[in-house]
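In: Below are the sequence and a predicted model for it; my questions follow.
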There are 2 protein chains.
Amino acid sequence: MENGFETEDDGDDRGLLSDRIRNALTDEIAAGRLAAGAALDEQQLADRFGASRTPVREALRQLAAGGLVELRARRGGVVARMTPERIMEMFETVAEIEAVCVRLATYRMTPLERSRLIELHELSRPIVESGDVNAYDSFNRQFHETIYCATHNGFLAEQAIAIRNRLNAFRRTQLRQGERLSRSRDEHEAIMQAIAEGDGEMASRRMRAHMLNAATSLSRFIEANKPA
Amino acid sequence: MENGFETEDDGDDRGLLSDRIRNALTDEIAAGRLAAGAALDEQQLADRFGASRTPVREALRQLAAGGLVELRARRGGVVARMTPERIMEMFETVAEIEAVCVRLATYRMTPLERSRLIELHELSRPIVESGDVNAYDSFNRQFHETIYCATHNGFLAEQAIAIRNRLNAFRRTQLRQGERLSRSRDEHEAIMQAIAEGDGEMASRRMRAHMLNAATSLSRFIEANKPA
DNA sequence: TTGCCGCTCAACGTATACACTTATGGCATC
DNA sequence: GATGCCATAAGTGTATACGTTGAGCGGCAA
């Protein structure tokens, strides 16, 4: 039972131990159970996961590469300190990269990709009406990733996904409240309009605004729910 | 003597072994001595560097995180395959990110940062006249990194530097020929002009063109020097 | 009392041994 | 002759032991 893992008590011992430890630590950091700045003792973690130091080290190195952990040689690691300022910086960066993506995508997407995107966007209407936040989150990811791919620049798409994932690790709670869903869809609509007109610059500006709206919404949410 | 390292026969045994192996492998990949797609056997590398598999593994993981190596679970690693298309994708991505940076920097930089940038730019005049390519390369890095910092977005700056470094690992030869130096400086001049006028959009467009010029120049160079 | 030196110990970095998975070659069968 | 299965081997994943370094602390001298 007590093996240090959270969600794998169903006997899921498959996969690389180092990967499972990495995922577990990612979750714990994302959930805030491992506070920013907390020391990460390798032996201690190894004991907690019932493993040796080796896979723990591998996991820590990967997390460090992803920016969730800071490692100093011979001094051990700590959970990366994520100030609100830094989170906003990350949001701005994502917003700018998404803006770049949608501009390139507008100029480069094939008719097939365009119709696929339109189709996807239409799919979101019933989701918004149902208010299913998880479903919308899933759709939203697809929508944005479809745009990344339509840039026809695989490297840029990878970077966009990587940064987006990195940011998601710090989304400690569901960002999108009910009313945000319809606003989000309206903003998508405006972006789609610009794409349809072939105006990449316009699409870019609208995407940037869309992302910054989401960030502001999140920031207000955090402000409202922060521990007194 | 034969310890597998290239440039450290002066007894420089300092630093972490894993880091030294990582640097050595980075160099070898960058120089093309380790061809793309080449298998990376851990034991074999360990023997070559006179070390054990442990630091080699650490090095490989770090390289994988940086994108120079691809690792498949229980199947070992290979040097990442870098097609010309992918390199161009990376250049475009850098160009777009730099364009974002200079736009934000134009709107946000402090007077001190502005004068620092002007000062740096002026410094490049004698370097161009001297034709010292290495000195220009060093200046150029400083110039661009100064702009990154002036965005006042540390995360974005980190991303920009990371991608730029990643790209540098594949610059197998000196990119900038003599004539390119003065053209590069002229382009910097145009960017500075836009910054001075507070026109971030203009600075952005010029930066994008500047970066793509450099990429085109490189691509022509590669084309001309590629093995028959 | 303060500052420096050296000690001690905890934690990381590296080496080595073992376990497990995957790939490959040969053999049997269809 | 082709295909599928099994045995063997090569190589990665993990465990553990040892070396090494940096930090904390106490003692001694100025």
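Out: Sure thing, it's come through.
In: Quick one: residues contacting the closest residue to DNA strand C within chain A.
Out: Nearest to DNA strand C, among the residues of chain A, is A:Gly76, at 2.8 Å (Cβ to the nearest atom of the strand). Glycine gets a C-beta too; all of them are placed from N, C-alpha and C. By Cβ atoms under 8 Å, 6 or more residues apart in numbering or on different chains, A:Gly76 lies in contact with A:Ala39, A:Leu40, A:Asp41, A:Glu42.
In: which residues pair with it across the strands?
Out: Per DSSP bridges, the residues bridged to A:Gly76 are A:Arg72.
In: Low-confidence stretches in chain A?
Out: Along chain A, the model assigns pLDDT under 70 to residues A:1-4, A:6-14, A:171-178, A:222, A:225-228.
In: follow-up on the earlier one: could you pick out the buried ones from the contacts of A:Gly76?
Out: Buried by 16 or more other Cβ atoms under 10 Å in any protein chain shown: A:Leu40, A:Glu42, out of those.
In: Okay, the residue in chain A positioned nearest to chain B and DNA strand D: tell me how far apart.
Out: The nearest approach of chain A to chain B comes at A:Ala65, 3.3 Å away (Cβ to the nearest Cβ). As judged by Cβ to the nearest atom of the strand, to the nearest Å, A:Ala65 and DNA strand D stand 15 Å apart.
In: So that residue sits against B:Ala65, correct?
Out: Yes - here A:Ala65 lies in contact with B:Ala65, judged by Cβ atoms under 8 Å, at a distance of 3.3 Å.
In: what about the closest residue to A:Ala105 other than its chain neighbours, how many residues close to it?
Out: Spatial nearest neighbour of A:Ala105, excluding adjacent residues (Cβ to Cβ, 6 or more residues apart in numbering or on different chains): A:Ala150 at 3.8 Å. For A:Ala150, the neighbour count with other Cβ atoms under 10 Å in any protein chain shown is 24.
In: Pretty sure A:Ala150 sits against A:Ser115.
Out: No - at 11.4 Å, A:Ala150 does not count as touching A:Ser115 under the criterion of Cβ under 8 Å.
In: in what helix or strand does A:Arg206 lie?
Out: helix A:200-225 (DSSP states H and E).
In: So which bits of that helix are buried?
Out: A:200, A:202-208, A:210-212, A:214-215, A:217-218, A:221.
In: quick one, that helix and helix B:200-225 angle?
Out: 120 degrees (axes from the mean of the first three to the mean of the last three Cα atoms, to 10 degrees).
In: Just checking helix A:200-225 against chain B, any contact.
Out: No - judged by Cβ under 8 Å from any Cβ of the partner chain, helix A:200-225 and chain B are separated, with a smallest distance of 9.2 Å.
In: before we move on, back to that, pick out the most distant pair among the contacts of A:Gly76.
Out: Between any two of the contacts of A:Gly76, the greatest separation by Cβ to Cβ is 10.4 Å, found for A:Ala39 and A:Glu42.
In: is it true that A:Glu98 touches A:Ala160?
Out: Yes - contact criterion Cβ under 8 Å: A:Glu98 and A:Ala160 qualify, at 6.7 Å.
In: Many thanks, have a good one.
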